[in-house]
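Enquirer: here is a sequence together with a model predicted from it:
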Amino acid sequence: MGYARLAAGRTTLIVDADTPPSGAASVEAHASTLGIELTSGRRPMIVNCGSGARFGEEWRRASRATPSHATMMIEGVSSSHLGPKGRLANGDELLTELPTQVQCAFSDLDNGRKLELSHNGYQASHGLTHARILHLSADGRTLEGQDLLTTLGPNDETVFDKVQTPGGLPFVIRFHLHPDVIPAIDVACTTVSLTLKSGEIWQLRHDGTAKLGLAPSVYLQNRRLKPLATQQVVLSGRAMAYATRVRWSLAKTQDTPTAVRDFAKADPLDAID
């Protein structure tokens, strides 16, 4: 498993950018292809739910599935499937029906750096390839994203035509939030403001192709006795054509300073340089 990284200013972005492991090596692997995590300074903002192994088998299995990661999913189906229980002697499940092609390319722009990615985990089942384009500005204050579901030829179009319903194929783009992040959605459901403990405020906006909302989530932190409740930002819609594109952005508000003195007392993160 490999990761891609973009960093500028106080912002660091990590992306799961490689094919998942297969066979026995996949026992601990997650269906997280093209999932992102974003940190501002020492403050995690966009996260995955974490490993649920210490909280029991149901949590362990759920945490490995695509809904527990900040990426796009079609029809509630993970990009890699979890095989039946007991496939191995110890009862663990392997990942099956994996993406076999994951593309990743960097490019430098005048105003930042761009990362273009794609995977074919939904090609055989739905005729669709998921592409994700991420552009982090040179000052680290803005992340622009695009998620695209597209067919790549006549064979894909045939598969898509067979599985789609009159209402289209439902999809979801998730942004799981760290428990310290406080979200607030505007009345028109066009923007979510994300307030960090450092005092920074980020805003997540979208182009209107999907429906924006907040939903419950969990953060499975190892040193905790039980899962922590948190929230996730959700962009949901339906793919009704051979190409569906959703544009979104994460940006600091204009009144958020470029340099932040972030020394909250009694916070475990303050011990981390």
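Expert: Here it is on my side, so go on.
Enquirer: where is the longest helix in the chain?
Expert: The longest helix of the chain (DSSP state H) is helix 154-163.
Enquirer: for the residue lying closest to residue 217 once chain neighbours are set aside, what is the enclosing helix or strand?
Expert: Spatial nearest neighbour of residue 217, excluding adjacent residues (CB to CB, 6 or more residues apart in numbering): residue 232 at 4.0 Å. (C-beta placed from N, C-alpha, C; glycine too.) Taking DSSP states H and E as the criterion, residue 232 maps to strand 228-239.
Enquirer: just residue 12 next, same as before
Expert: Going by DSSP H and E, residue 12 is in strand 11-16.
Enquirer: who does that strand pair up with?
Expert: Strand pairing for strand 11-16, using DSSP bridges, gives strand 3-8 (antiparallel), strand 36-40 (antiparallel).
Enquirer: what's the neighbour count on residue 211?
Expert: The local packing of residue 211 (other CB atoms under 10 Å) involves 13 other residues.
Enquirer: dump the residue contacts of it.
Expert: Contacts here follow CB atoms under 8 Å, 6 or more residues apart in numbering; on that basis residue 211 touches 189, 235, 236, 237.
Enquirer: and stretch 74-85, what's its mean pLDDT?
Expert: The average pLDDT for stretch 74-85 rounds to 85.
Enquirer: and if you look at stretch 179-187?
Expert: Computed over stretch 179-187, the average pLDDT equals 97.
Enquirer: from the chain's centroid, how far away is it?
Expert: Computed by CA atoms, centre = their mean, to the nearest Å, the chain-centroid distance of stretch 179-187 equals 17 Å.
Enquirer: may I have it as CSV, with CA atoms only?
Expert: What follows is stretch 179-187, C-alpha atoms only, in CSV (Å, rounded to 0.1, in the frame of the first residue of the first chain):
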residue,chain,number,x,y,z
PRO,A,179,-13.8,14.8,17.1
ASP,A,180,-12.2,18.1,18.0
VAL,A,181,-13.6,19.7,14.8
ILE,A,182,-16.9,21.6,15.2
PRO,A,183,-19.0,21.7,12.0
ALA,A,184,-21.8,24.1,11.3
ILE,A,185,-23.9,23.9,8.1
ASP,A,186,-25.6,27.0,6.6
VAL,A,187,-29.3,27.2,6.0
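Enquirer: may I see the buried residues of that stretch?
Expert: Residues of stretch 179-187 classed as buried: 179, 180, 181, 183, 185 (neighbour count, 16 or more other CB atoms under 10 Å).
Enquirer: excluding chain neighbours, what is closest to residue 23?
Expert: Excluding its sequence neighbours, the residue lying closest to residue 23 (CB to CB, 6+ apart) is residue 94, at 6.7 Å.
Enquirer: how many residues are close by residue 114?
Expert: Neighbour tally, residue 114, other CB under 10 Å: 16.
Enquirer: ok, now which ones touch it?
Expert: 106, 107, 108, 133, 134, 135, 136.
Enquirer: go ahead and confirm residue 98 touches residue 22.
Expert: Yes - if you go by CB atoms under 8 Å, residue 98 and residue 22 touch, sitting 5.9 Å apart.
Enquirer: per-residue pLDDT of the most centrally placed residue in the chain, please?
Expert: Centroid check for the chain by CA atoms, centre = their mean gives residue 70 as the closest residue, at 1.7 Å. pLDDT for residue 70: 98.
Enquirer: swap in residue 52?
Expert: Reported pLDDT for residue 52: 81.
Enquirer: nearest spatial neighbour of residue 64, skipping sequence neighbours?
Expert: Using CB to CB, 6+ apart, the nearest residue to residue 64 is residue 30, at 4.6 Å.
Enquirer: also residue 52?
Expert: In space, residue 52 is closest to residue 59, 3.0 Å off (CB to CB, 6+ apart).
Enquirer: helix or strand for the one you found, which one?
Expert: Here residue 59 is assigned to helix 57-64, by DSSP H and E.
Enquirer: cool, thanks, signing off.
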